[in-house]
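Asker: A predicted structure for the sequence below; I have some questions about it.
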Protein chains: 2
Amino acid sequence: MIGLTRRTMLTGAVAAGAATALTAMPNTMVRAAAPPAGKQIAGWYRMKVGTTEVTVIAEGARISPLPDNFVRNKSKDEVVAALQAAYLSADRFMLPFNSVVVNTGSKLVAIDAGFGPGTLAQSNGAMGQGQANLAAAGIDIKAIDAVVLSHFHGDHINGLVTDGKPSYPNAEVMVPQPEWAYWMDDGNMSRAPDALKGAFANVRRVMGIVGSKVTQYEPGKDVAPGIASVAAHGHSPGHTVHIVSSGNSSLMIQGDLTTLPQLFVRNPGWHVMFDMDAAAAEATRRRLYDRMAADRLLVQGYHFPFPALAYIEKSGTGYREIPIAWNPTI
Amino acid sequence: MIGLTRRTMLTGAVAAGAATALTAMPNTMVRAAAPPAGKQIAGWYRMKVGTTEVTVIAEGARISPLPDNFVRNKSKDEVVAALQAAYLSADRFMLPFNSVVVNTGSKLVAIDAGFGPGTLAQSNGAMGQGQANLAAAGIDIKAIDAVVLSHFHGDHINGLVTDGKPSYPNAEVMVPQPEWAYWMDDGNMSRAPDALKGAFANVRRVMGIVGSKVTQYEPGKDVAPGIASVAAHGHSPGHTVHIVSSGNSSLMIQGDLTTLPQLFVRNPGWHVMFDMDAAAAEATRRRLYDRMAADRLLVQGYHFPFPALAYIEKSGTGYREIPIAWNPTI
C-alpha cells in the first residue's frame, strides 16, 4: 500500500528527478488513422468472500425492444418512464444475465448455467458468452464439481448442454427438489397453459441430456461447504437462492428474486412477466429484501448489470441497489 | 436481436427438443480441489459515442487507509460516515484512476496518462495497470496520435514517461495553456509552499522528457475533431475538461472536477485535499454539474470506479451519480 497524501498525489508515487524548464515546441505528424478496435472486454469479475473466491461470469444480455407486457401490472408507458428515469433505453432494452462460480477451497461450484454458446450467433454475440468468459477467467469447465441451479427457466439451464452433450463433463447438477417435482410432473405439464408448454419441453430436453448427473437438494440445506440454500419460491415453484459465507463475510446469490433492478428493486410490487406466481414472488422478494437491507448484505443478481454485485437499501416504498465499487485487485 | 417474450425467456432461445422424463440419479465424485484463480480481469471498457469509439482504460486504484485530512472542510468522522453510507471501506480506502482513449476515426487520442507501470510493484499491482490494460484493449501505444492532458498532477502525467523515455513515442502531448504557464513559471515554483515543491519538480521532470512533443491548447478550443475542451479551473490553475461529440451523442470527460463520486458528487461543497483553489473548484464543479444534470450528459470521471461512466442528477443539496448499465457488446 502507498500512503495517500496531498504530496504523493500531486507528484505521483514515482520519485521526482531534477527539474528542467523547457520551452514548448509544436510537433505535428501525419499518420494513418488507427482502425476502431470494435470489441468489448470479456465479462468476468472476481472477488473474495472471506477466503472463498467468487467469480461472476457474464452470459451477456438480451437486447430487444421492450415487450408490451414486460411488467404485468403496469402500463408500458409507466415502464418506459421508469427506464428513462434510470437512463436506460426502451428501444434497445437490455436484460443482462450473469452466473457465478464459487471456489470454496475444496469444491468448484457454478451457480446457474446461462444460455450456452448456441445463442451467440442469433444474438450477434450479445448472449451466450458464458463459456468463453469462463475460459477467459481461467476456469476450466472440466474442473467444475457441481452446477447448482436456482430454477429451471431456460436462461438458467440451457447452458448445461452444448451441441447436445453435457457442457460440464465432471459436474453434478444440483437441482431444488420442488423445482424438479414441478417440472417433471406429467400432470403439471398436461395442465400447463400453452405459454408454458415450451418451457416444460425445454426442461425435459435439457434434463434428458444431463439427467444422470442430477441430484436434488432441499431448499434450506447447504449445497456445498459454505454455500447455503434458501427457499424463495414464487418466481417459479422451486426457485431457490444461495448464500456464500466465509469468516464474517457473506454474499447472497439471489437468482431471479428480482430481474432488472432498475425496475423491480426500485418497485418490488411490479410483477415481471416471468414470475409464475406473482403474488408469492412479491411476498418472497419483500421478505428477503428487507433482510438484505437490514443486514447490509452484498447481493449478486442474475439479471443485474455486470458485474452484477450490489448492496440493497430501503428507498421510498421500495428499495435501491447500490452497485459495488469495482476493485482492480481481488 | 431476439424477441423477448415470456415463452422465449422460460424456454431459452434454443429450440426445444423431444421431452424425456428422467429419474434423478445421484452422482458423486472425488476429485482434486481446483486452485484459486487469484487474478482480476483487465480493466478496459468500450462504448460508442455516435460513431466515435471510446475506451476507458483503468489505471487501477490507490488502496490505503483514509487520510485524516482527505476532505479539508469536514471532519474525518463525517467522511468515514459518508463512506460507510456508500458501502465503502475507510481502512482500505480505494481511490480509482481511469483514463480514456478516443478514436475519432481520423485520430487516436488519449486523455490523461495515468501513473505508468513504475507504480505496479510498490502497489502490489493495484496501480500502474494502464499500459497493460491499453494493450489488453487492443490499442497499440505507438498508434496514439495525441495525449491530451487535463492538468499536471502526477496521477495524470507520470505515465507519459516509462523508464525515463516517452511512453507514447508518436504522440503529441497537448497541454492546457494556463496549466503549462502556472507550473513552468519559476516565480510560482519559488513561491510554492513546501507541500507543492515536489509537484513542481515532478512536472518539470516529466516535461523535461516529453517537452519536445508538447503543444499548448487554449481551453475552450477543440483539441481534435469532435473533442472540445472546456476551462474548469480550480482543482488546478489550468484544469480543463473535454467533451466528445458525434452525431447526437456526447460524453463529458470530467477529469478531477470531482474525485471520488461517493464523497464529492454527493457533497459538492466538500473540498478534497488535492483542490489547489478549493473555492474556485467548488464554483466550477457546481456550474458544470448543473449543466451535466440538466443535459442528462454521460460523464466519465477519472476517479470514478471503473468503468467510470455515469449520469449525474440533482439530489438533495448535491448530486448523485448513476453508473451506466454495463453493455456486453459495444
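Answerer: Structure's in. What do you need? Residues are numbered from 1 along each chain as shown, chains lettered A, B, ... in the order given.

Asker: So what does A:A201 have for phi and psi?
Answerer: phi -60, psi -40 (degrees, to the nearest 10).

Asker: tell me the mean pLDDT over stretch A:44-52?
Answerer: On average, the pLDDT along stretch A:44-52 is 98.

Asker: quick one: contacts of that stretch?
Answerer: Identification of contacts with stretch A:44-52 by CB atoms under 8 Å, 6 or more residues apart in numbering or on different chains yields A:53-58, A:102-105, A:133-134, A:136-137, A:226, A:244-251, A:298, A:306-307, A:309, A:326-327, A:330, B:37, B:39-41. Using the backbone N, CA and C atoms, a C-beta is placed for each residue, glycine as well.

Asker: Which pLDDT value goes with A:A24?
Answerer: In this prediction, A:A24 carries a pLDDT score of 36.

Asker: again, but for the one 5 residues further on
Answerer: Here the pLDDT value assigned to A:M29 is 47.

Asker: cool, and A:A195?
Answerer: Reported pLDDT for A:A195: 89.

Asker: in the helix or strand containing A:S99, what counts as buried?
Answerer: Here A:S99 sits within strand A:93-103, counting by DSSP states H and E. Within strand A:93-103, the residues that count as buried by 16 or more other CB atoms under 10 Å in any protein chain shown are A:93-103.

Asker: What of stretch A:179-196?
Answerer: For stretch A:179-196, the neighbour count (16+ other CB under 10 Å) marks A:179-180, A:182-184, A:189, A:196 as buried.

Asker: now swap in stretch A:118-137 and tell me
Answerer: Neighbour counts using 16+ other CB under 10 Å place A:118-120, A:123, A:125-134, A:136-137 of stretch A:118-137 among the buried residues.

Asker: which other residues reach it?
Answerer: Counting by CB under 8 Å, 6+ apart, A:42-44, A:46, A:55, A:57-63, A:97, A:99, A:101, A:113-117, A:141, A:158-159, A:162-163, A:167, B:1-2, B:12-14, B:37, B:41, B:328-329 sit against stretch A:118-137.

Asker: Mind checking which of these are buried?
Answerer: The neighbour count (16+ other CB under 10 Å) marks A:42-44, A:46, A:55, A:57-63, A:97, A:99, A:101, A:113-117, A:141, A:158-159, A:162, A:167, B:12-14, B:37, B:41, B:328-329 as buried among those.

Asker: what's the angle between the longest strand seen in chain A and strand A:93-103?
Answerer: Longest strand of chain A, by residue count under DSSP state E: strand A:52-64. On the basis of axes from the mean of the first three to the mean of the last three CA atoms, to 10 degrees, strand A:52-64 is oriented at 160 degrees to strand A:93-103.

Asker: how much space between the residue of the stretch 51-200 of chain A found nearest chain B and A:W183?
Answerer: Nearest residue of the stretch 51-200 of chain A to chain B (CB to the nearest CB) works out as A:G154 at 2.5 Å. Per CB to CB, to the nearest Å, A:G154 is found 12 Å from A:W183.

Asker: list residues touching both of those two?
Answerer: Residues touching both A:G154 and A:W183 (CB under 8 Å, 6+ apart): A:A199.

Asker: can you map out the helices along chain A?
Answerer: A:6-11, A:76-85, A:130-136, A:154-157, A:177-183, A:186-191, A:194-210, A:261-264, A:278-295 (DSSP state H).

Asker: Least reliable of those by average pLDDT, please.
Answerer: helix A:6-11 (a mean of 59).

Asker: would you list every one of the strands in the stretch 101-250 of chain A?
Answerer: For the stretch 101-250 of chain A, the strands defined by DSSP state E, counting those that start in this stretch occupy A:108-111, A:146-148, A:161-162, A:165-166, A:172-176, A:214-217, A:222-224, A:227-231, A:240-246, A:249-253.
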